[in-house]
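Chemist: coords please:
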Amino acid sequence: TEAGQWTKAPLRDAKMTLGSYAGGSIRLWRGASGLPLAKARADEAVILAEGIETALSIAIACPEMRVLSAVSLSNMGAIKLPPAIRTVIIGADNDGADNHAAARALQRAIDHFAAEGRAVRIAKPDGVKDFNDLLSRGAEA
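Modeler: This next block holds a predicted model:
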């Protein structure tokens with residue numbers, strides 16, 4: 001990095017995920033309880049982010065929270081969580097008002113967790129695309 005700042009790597013090809021991940025998630029941070037997801041306490045909430053970079057940024061900013069990555073927005077509505085998790089906070093990207101496919105996928109995720117009887121909250125960063133950009137901006141300030 002230049003002058004102690006960090007940036008996204010200049011990759012030629014887009015990221016890819018190998019293998020099946022439908023309905024699964026990447027469990028990045030256990031939060032304050034430190035317990036595995038399967039043994040989560042009933043009072044715990046989960047923050048679920050679309051991509052791994054966004055989820056890692058949220059875990060850095062909110063270490064007391066359990067954080068998972070859905071790998072993709074289209075998979076978010078298929079994530080399986082244990083019954084003890086009663087609150088899901090979706091760390092959503094700012095995909096733009098004209099991105100109807102992203103809006104539909106986000107609504108599917110909201111509907112999925114609500115249908116399971118969970119409280120669903122949406123968190124979006126102000127003025128940037130995602131929480132990774134927000135964290136990067138804070139590092140540059």
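Chemist: quick one: buried residues of the longest helix seen in the chain?
Modeler: Longest helix in the chain by number of residues (criterion: DSSP state H): helix 100-115. For helix 100-115, a neighbour-count test (16 or more other Cβ atoms under 10 Å) marks 102, 105, 106, 109, 110, 112, 113 as buried. Where C-beta positions appear, they are placed from N, C-alpha and C, glycine not excepted.
Chemist: which one of the residues you listed is nearest residue 89?
Modeler: residue 113 (10.1 Å; Cβ to Cβ).
Chemist: ok, the closest one touching residue 88?
Modeler: Yes - judged on Cβ atoms under 8 Å, residue 113 makes contact with residue 88 at a distance of 4.6 Å.
Chemist: overlap in contacts, the two.
Modeler: 81, 120 (Cβ atoms under 8 Å, 6 or more residues apart in numbering).
Chemist: now for the protein, the helix or strand with the poorest mean pLDDT.
Modeler: helix 131-140 (a mean of 77; mean pLDDT, DSSP states H and E).
Chemist: who does that one touch, helix- and strand-wise?
Modeler: Secondary-structure packing of helix 131-140 (3 or more Cβ pairs under 8 Å, 6 or more residues apart in numbering; DSSP states H and E): helix 52-61.
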